[in-house]
Each structure stands twice: as structure tokens, then as C-alpha cells.
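A.B. asks: model this:
(one chain, ligands or ions: 2)
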Amino acid sequence: MKTTDSKKETTTKKAAPKQTVAKGVTKPKSNAAAGLAELFEDSLKDIYWAEKALTKALPVMAKNATSPELIDAINGHLIETEEQITRLEKVFELIGKKATAKKCDAMEGLIEEGKGILEETEIGVVRDAGIIAASQKIEHYEIATYGTLRQFAETLGYQEAVTLLEQTLDEEKGADKLLTEVAVNAVNLEAAELE
Ligand SMILES: [Fe+2]
Ligand SMILES: [Fe+2]
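C.D. replies: Residues are numbered from 1 along each chain as shown. Ligands and ions are numbered 1, 2, ... in the order given. Predicted coordinates for the structure are as follows:
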């Protein structure tokens, strides 16, 4: 009986030490991350939610775009996004955790802003320019996130995860670059000529 109890004690998660928090400093929640491994897992859950949300948002953007180059860029990135979700599931597997999505407030806001731009622009090159602007904000958020995640994985010694996250990071950078090219070559000049 005694041995079972002591075994149980070693496998139970240690409670975070009570912290006294100075005025103006945010008090951590009871389940707050105590180490980098936990922060890594939490961040993975966030971006997993974000990528899933994007598989619903990107078709809306493609439907509202008129430039064939822009439609192709969005549809191409939708396929990549689906692969990125699978890659994240592999990363969860590598760290021995179940793939779980946790609402990402930032991505929810960025997608909302993108929808707002649709209402605020006439259909055609101006809406296309707005879609590009909103999409590039999303890509930059993803670039920042995957850059951090790759670094966390490296510090934690998950070498296979580093490779997977880096692959996605490169795709996000590629998507951003392609959007700039579409804006410069196919959309912005024409939009500037309209009143
Ligand atoms: Fe992505
Ligand atoms: Fe992306």
C-alpha cells in the first residue's frame, strides 16, 4: 500500500510553487506552463487551431478574389495548409502528446479582420489588394509562430520536430513572397488607377 502511494506521488504533476505577484504583474492560472516543454505544447495547440481555422477561411478568400494569380496562390497555400496540419500531428506524436486544438485568439482576430476587408472593398482589384494585405498579416503571424516553435524544439532536443517545423516555416515564407509578387505584378497598380 505504502509503495503504491509513493509511486503515485512521483508520477503526479508537481504543483507550481505559490508565487507572490507584484502589482501590475499578471497572476498565472493554476495550469500555467511551468517549463519550456509545456509552453511548446501549448503553442502547438494554438497553431493547430489556427491552421484548421485557415482551411475554412482560405476558400472564402479565394471565392472573393478575382485575379487568377491570386486565386491560384490562395488555393496552392490551402493544399500546403492541409499538409501543415498533418505535420503538426506528427510533431504532437513525436513529443508523445495527443493532437489538440486550442483557440488561437490572434488568428481568430486576423481572420475576422480579413472578413471585414471583404465588406469594405468593391469586388475586383481593390478587394484583391485587401485580401493580399489580410493574408500577408496572417502569413507573418505564422512565420513568427513557426520560427519560435522551431527554436523551442531545438532547445528541447526534438530534432525531427525541428525539421518538420522548418518545412512549414519555409512554406509560410514562400506564401508571403508569392503574395508580394501577385500584389506588385497583378493587382496594386491597377487598383491604384481606380478612384
Ligand atoms: Fe500555415
Ligand atoms: Fe500560411
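
A.B. asks: check contacts around the residue nearest to the spatial centre of the chain.
C.D. replies: A centroid search over the chain (Cα atoms, centre = their mean) returns Ile47, at 3.8 Å, as the residue closest to the centre. Ile47 makes contact with 88, 104, 142, 145-146, 149, according to Cβ atoms under 8 Å, 6 or more residues apart in numbering. All C-beta atoms are positioned from the backbone trio N, CA, C, and that covers glycine.

A.B. asks: give me the helix or strand of this structure that scores worst on average pLDDT.
C.D. replies: Among the helical and strand segments of the chain, the one scoring lowest on mean pLDDT, DSSP states H and E is helix 2-11, with a mean of 48.

A.B. asks: also near ligand 1: which of the contacts of Ile47, exactly?
C.D. replies: When Cβ under 5 Å from the ion is taken as the criterion, the members of the contacts of Ile47 that contact ligand 1 are Glu142.

A.B. asks: weed out the non-buried ones from the contacts of Ile47.
C.D. replies: 88, 104, 142, 145-146, 149 (16 or more other Cβ atoms under 10 Å).

A.B. asks: what about the residues you listed, which are in helices?
C.D. replies: Assigned to helices by DSSP state H, the following of the buried ones among the contacts of Ile47 qualify: 88, 142, 145-146, 149.

A.B. asks: closest to ligand 1 among those residues?
C.D. replies: Checking these against ligand 1 by Cβ to the ion gives Glu142 as the nearest, at 4.7 Å.
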